[in-house]
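A.B. asks: got a sequence here, can you model it:
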Amino acid sequence: MSEDTDITIVDYHGRFAREAVAMWRESKEAALGIPEVHSFENQLDFLRSKLTADNAVSLAIHMPTDSVVGIMATDGTELSQLYIHVDFQRRGIGTRLLSLAKQRSNGTLRLYTFEVNSAAQAFYEKHGFKVIARGDDNEEGLPDIRYEWVGRR
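C.D. replies: This next block holds a predicted model:
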């Protein structure tokens, strides 16, 4: 894996909303193998009104095309979203966004990932996250895994 130097990480800006949601949906659907349960417009409203209100949201932008290739949202204790465009995975973008989430944390970071998403599990475990619970209390009705990272104190 090499770091993609054509990628810059920026704070969320509304001009990227529709593109961010499209990328997020495509990435999630590819990872889960099922269609997104929410409509595009509902997810767009969620991004604009809830996600950005409750979290620091960062975007990975592919500079040559000025396009969104990643999204990350964290409130400092919970990593609620981390998705990378399917064509840009395994280039270090997720690692950069996860490092930023860790920097913004209070030293502990928790997240959920779906059990069917073995690539995400391997990614988080590689970056020091440990399984702390399992369940299926989500809108998709799929088994999920609760992870926690505790930084050095």
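A.B. asks: ok, longest helix in this protein?
C.D. replies: helix 17-32 (DSSP state H).
A.B. asks: buried stuff in that helix?
C.D. replies: Along helix 17-32, these residues count as buried under the neighbour rule (16 or more other C-beta atoms under 10 Å): 17, 19-25, 27-28, 31. Quick note: C-beta positions are derived from backbone N, CA and C, even for glycine.
A.B. asks: output the below-cut-off pLDDT ranges for this structure.
C.D. replies: 1-4, 153 (pLDDT under 70).
A.B. asks: still on that earlier bit, who's in contact with the longest helix of the chain?
C.D. replies: Contact with helix 17-32 is made by 12, 35-36, 40, 43-44, 47-48, 59, 67-71, 81, 83-86, 114, 116-117, 119-120, 140, 142, as judged by C-beta atoms under 8 Å, 6 or more residues apart in numbering.
A.B. asks: could I have it exported to PDB, CA atoms only?
C.D. replies: Extracted C-alpha coordinates of helix 17-32, given in PDB (Å, rounded to 0.1, in the frame of the first residue of the first chain):
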ATOM      1  CA  ALA A  17     -22.900  17.000  -0.200                       C
ATOM      2  CA  ARG A  18     -24.500  15.100  -3.100                       C
ATOM      3  CA  GLU A  19     -21.200  13.700  -4.400                       C
ATOM      4  CA  ALA A  20     -20.300  12.600  -0.800                       C
ATOM      5  CA  VAL A  21     -23.600  10.800  -0.400                       C
ATOM      6  CA  ALA A  22     -23.300   9.100  -3.800                       C
ATOM      7  CA  MET A  23     -19.800   7.800  -3.000                       C
ATOM      8  CA  TRP A  24     -20.900   6.800   0.600                       C
ATOM      9  CA  ARG A  25     -23.800   4.800  -0.800                       C
ATOM     10  CA  GLU A  26     -21.700   3.000  -3.500                       C
ATOM     11  CA  SER A  27     -19.000   2.100  -1.000                       C
ATOM     12  CA  LYS A  28     -21.500   0.800   1.600                       C
ATOM     13  CA  GLU A  29     -23.500  -1.200  -0.900                       C
ATOM     14  CA  ALA A  30     -20.300  -2.800  -2.300                       C
ATOM     15  CA  ALA A  31     -19.100  -3.700   1.200                       C
ATOM     16  CA  LEU A  32     -22.400  -5.100   2.400                       C
END
